[in-house]
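> Need a 3D model of the following:
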Amino acid sequence: MTVTTGDRLHHEWLHTVDQPWAAEVIADLPVRPGTLPHQLPAAIRTDPQLARATVLAAQQDGLLAGLACQALLQVVFPMLTRMARRDPSSSLDDYLAEAWLRIRTGKVSPATTVPTTIGLDALYAVCQPRRRLAAREIPWEIHDMPVVENDPDQAQLALAVLGAAVALGIVARSQLPLLSSVYVLEMSSYRAGRAHRMSAEAVRARCSRAIRRMRRHAGEIRGYLE
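This is a model prediction of the structure:
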């Protein structure tokens, strides 16, 4: 019988919550009275404050950090599975590894959401090398913005800035696919419009609005990335 990644992760989670210490350390999180260790993932999904506190706990050392990491992986696992199924170039293990790194090291802000922020951060990390390759092939042609050199490092910077802007709530998450097409993949307004079923004029207008908002909050974005 083949043991899948999901089976292995679930087995590790059950082993963790079955430990005598799990019921003790969960009290260090802002959970509702009576919450049991195995109920932590469900509680994280419905309580943004608890979700952020659990990420912070996961970045510490000790037994609580282990419980927090495992709970967060349970929360993001369905999202990572959907991403991996659509990605012929990377495995579910690749996505899990990047998600674990983001859980352990990612910055937490009031706009951090679980699983969305962790999942998107993992997606950025997994897909970034391919996006950088694509940026070498697609010219920059957005008419109302300065023309820049076609540089893979520029695509990497754009990816980081957009991720920060979304995480901070400066740019709506719904705008991320379009903005990534233009500033990460460096699609023309016309090509991005065809991909997202809108006119080139609408692409330029949305990009301009997003850039203006990011410029007004440049200090916050810089601080998030430092």
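> Pull out the buried positions in the biggest helix by length in the chain.
As assigned by DSSP state H, the longest helix anywhere in the chain is helix 63-85. Neighbour counts over helix 63-85 (16 or more other C-beta atoms under 10 Å) mark 64-77, 79-80, 83-84 as buried. Quick note: C-beta positions are derived from backbone N, CA and C, even for glycine.
> same question, stretch 189-198
Here stretch 189-198 shows 189, 191-193 as buried, counting by 16+ other C-beta under 10 Å.
> Just give the number of residues close to the closest residue to residue 126 other than its chain neighbours.
Among residues not flanking residue 126 along the chain, residue 90 sits closest, at 5.0 Å (C-beta to C-beta, 6 or more residues apart in numbering). A count of nearby residues for residue 90, using other C-beta atoms under 10 Å, gives 16.
> again, but for the one 5 residues further on
Around residue 95 sit 25 other residues, with neighbours defined as other C-beta under 10 Å.
> Check the gap between it and residue 89 for me.
Separation of residue 95 from residue 89 (C-beta to C-beta, to the nearest Å): 12 Å.
> just residue 109 next, same as before
For residue 109, the distance to residue 89 - C-beta to C-beta - is 30 Å.
> Compare these two (neighbour count), which wins?
Neighbours were counted for residue 109 and for residue 89 using other C-beta under 10 Å; residue 109 has more, 15 against 9.
> can you pull the contacts of that one?
Residue 109 sits next to 167-168, 224 when contact means C-beta atoms under 8 Å, 6 or more residues apart in numbering.
> And the helices in this structure?
5-17, 22-25, 40-46, 48-58, 63-85, 92-105, 116-135, 152-167, 176-183, 189-196, 200-216, 218-225.
> JSON lines for those, including mean pLDDT and distance to residue 31?
Shown next, in JSON lines, are the helices of the chain (pLDDT from 0 to 100; distance: least, C-beta to C-beta, whole Å):
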{"stretch": "helix 5-17", "mean pLDDT": "90", "distance to residue 31": "13"}
{"stretch": "helix 22-25", "mean pLDDT": "94", "distance to residue 31": "11"}
{"stretch": "helix 40-46", "mean pLDDT": "93", "distance to residue 31": "6"}
{"stretch": "helix 48-58", "mean pLDDT": "93", "distance to residue 31": "6"}
{"stretch": "helix 63-85", "mean pLDDT": "89", "distance to residue 31": "11"}
{"stretch": "helix 92-105", "mean pLDDT": "88", "distance to residue 31": "18"}
{"stretch": "helix 116-135", "mean pLDDT": "62", "distance to residue 31": "19"}
{"stretch": "helix 152-167", "mean pLDDT": "71", "distance to residue 31": "24"}
{"stretch": "helix 176-183", "mean pLDDT": "80", "distance to residue 31": "31"}
{"stretch": "helix 189-196", "mean pLDDT": "82", "distance to residue 31": "40"}
{"stretch": "helix 200-216", "mean pLDDT": "87", "distance to residue 31": "35"}
{"stretch": "helix 218-225", "mean pLDDT": "76", "distance to residue 31": "27"}
